[in-house]
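>>> Got a predicted structure plus its sequence, pasted below:
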Amino acid sequence: MSVTKKLYLYFPKSETEKPIVYKLVKDFDLVINIFRAKVTPEEEGYLSLDVTGEAANIERALAYLSTLEVNIHAGNKGLHWDKERCAHCGACVVHCPTGALAFADQARRQLGFTEDLCVECHACIPACPFGACTSSF
Ligand code: SF4
Ligand code: SF4
């Protein structure tokens, strides 16, 4: 049975030249959906992606990644939604591809953030006129 796992990968300069995504596809038969890829001025890399495939293959892929200097995490660390700053204008909603930012209460137009759905694509950051969406990465 095929499963999908959300991953965030950070890798140092020494690893940015390696064909990591290519190997995930070719060697572990995974389907990769990249939401955000960034190389910092220090040439460190950041990837936010979904991997889909057999659970055993995902485990093998994670084992492979752990042999590199790649820092893997599966939780949301990159996107912060500031509830106090949010004016519930809804400008971000159409930009959020996963529904992580959505009106939790349509009648009262109260926006909510579902962290588990966030893929850290950062589309909401420039879309928010009130600076309620920020990231440390
Ligand atoms: S970063 Fe923003 S736009 Fe992208 S999935 Fe997360 S909440 Fe939605
Ligand atoms: S665009 Fe910003 S202020 Fe408007 S609903 Fe989204 S997070 Fe809140």
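Yep, it's here. This is a predicted model, so every value here is computed, not measured. Ligands and ions are numbered 1, 2, ... in the order given.

>>> drop to CA atoms for contacts and neighbour counts, all remaining ones
Fine.

>>> buried set for the lengthiest helix in the chain?
In the chain, with assignment by DSSP state H, the single longest helix is helix 55-66. Neighbour-count burial for helix 55-66, counted by 16 or more other CA atoms under 10 Å, picks out 57-58, 61, 65.

>>> Put together CSV for the residues you listed, with pLDDT on each row.
Listed next are the buried residues of helix 55-66 as CSV, based on pLDDT from 0 to 100:
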residue, pLDDT
57, 96
58, 94
61, 94
65, 89
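
>>> just curious, which of those residues is nearest to residue 19?
residue 65 (11.5 Å; CA to CA).

>>> and stretch 49-60, how far apart are its ends?
Using CA to CA, to the nearest Å, the end-to-end distance of stretch 49-60 comes to 17 Å.

>>> touching ligand 1 at all, that stretch?
No: Stretch 49-60 lies out of reach of ligand 1 by CA under 6 Å from any ligand atom, never closer than 11.0 Å.

>>> separation between the residue nearest to residue 127 when sequence neighbours are not counted and residue 7?
Leaving out its chain neighbours, the residue that sits closest to residue 127 by CA to CA, 6 or more residues apart in numbering is residue 92, at 5.4 Å. Residue 92 sits 23 Å away from residue 7, going by CA to CA.
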